[in-house]
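1. dropping a prediction and its sequence here:
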Amino acid sequence: ERNRSPGEAGVSVSATLVLAWGNPGRRDDGLGPAFAASIDALGLPRVEVESAYQLQVEDAVKLAACSRVLFVDADRCCDEPFRVQRVEPAAGGLGFTRHGLSPAHLLALGRALFGAHPQAWLMGIRGYDFDGFGEGLSEAARVNLEAAIAAALEALAVGGGEGGASRFTAMPAVEGRGGP
């Protein structure tokens, strides 16, 4: 049996998927979920927001139903306040031997199963406190989160068309700067 497209599977098609992950019980590792909660609270049209502890195979269906996806996670190493880099599907197979999936592997899975080709970016928001347990972001991470939200809102406000997608590369963060 052929794979069904997300529209056939009953998933509504949105222009943009914000897919964030992290563990709010590990202090600044909760930057991704905090970002998602802030964006979701705004109720932006044609923007679907999802948040979890990690990326999962099931997320391939969600990203296949959009024209662009913004992956968001905490970043231990990037310059302040955040970085944005383009993400392409992983080459060389899907590799289901790991506990979690990377954005590149999730894109490859969406392409293999559904023929999905969303434009994709990874936003890493600089965090500092990852070693302790407890909820709440450090003050420096909160400042970085606010800057990331403001930049993402500017890009998302452009809309879901081709022009809107290109705005992510024009964000103040330098593409490719820092490391995950």
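-> Thanks, I have it. Owing to the predicted nature of the structure, the values given are computational and were not obtained by experimental measurement.

2. now stretch 134-142, how far from the centre of its chain.
-> The gap between where stretch 134-142 is centred and where its chain is centred comes out at 20 Å by C-alpha atoms, centre = their mean, to the nearest Å.

3. and if you look at stretch 25-40?
-> Its chain's C-alpha centre lies 11 Å from the corresponding centre of stretch 25-40 when counted by C-alpha atoms, centre = their mean.

4. repeat for stretch 121-139
-> Relative to the mean C-alpha coordinate of its chain, stretch 121-139 is positioned 15 Å out (C-alpha atoms, centre = their mean).

5. where in this structure is pLDDT low?
-> In the predicted model, the chain carries pLDDT under 70 at residues 1-14, 93-99, 158-180.

6. any chance you could map the helices in it?
-> Assigned by DSSP state H, the chain shows helices spanning 31-41, 59-64, 103-114, 139-157, 162-166.

7. I'd like those helices as a markdown table, with mean neighbour count and distance to Ala91 appended.
-> C-beta coordinates here come from the backbone N, C-alpha and C atoms, glycine included. Supplementary listing: those in a markdown table, determined by neighbours: other C-beta atoms under 10 Å; distance: least, C-beta to C-beta, whole Å:
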| stretch | mean neighbour count | distance to Ala91 |
| --- | --- | --- |
| helix 31-41 | 21 | 25 |
| helix 59-64 | 23 | 17 |
| helix 103-114 | 21 | 8 |
| helix 139-157 | 18 | 27 |
| helix 162-166 | 14 | 22 |
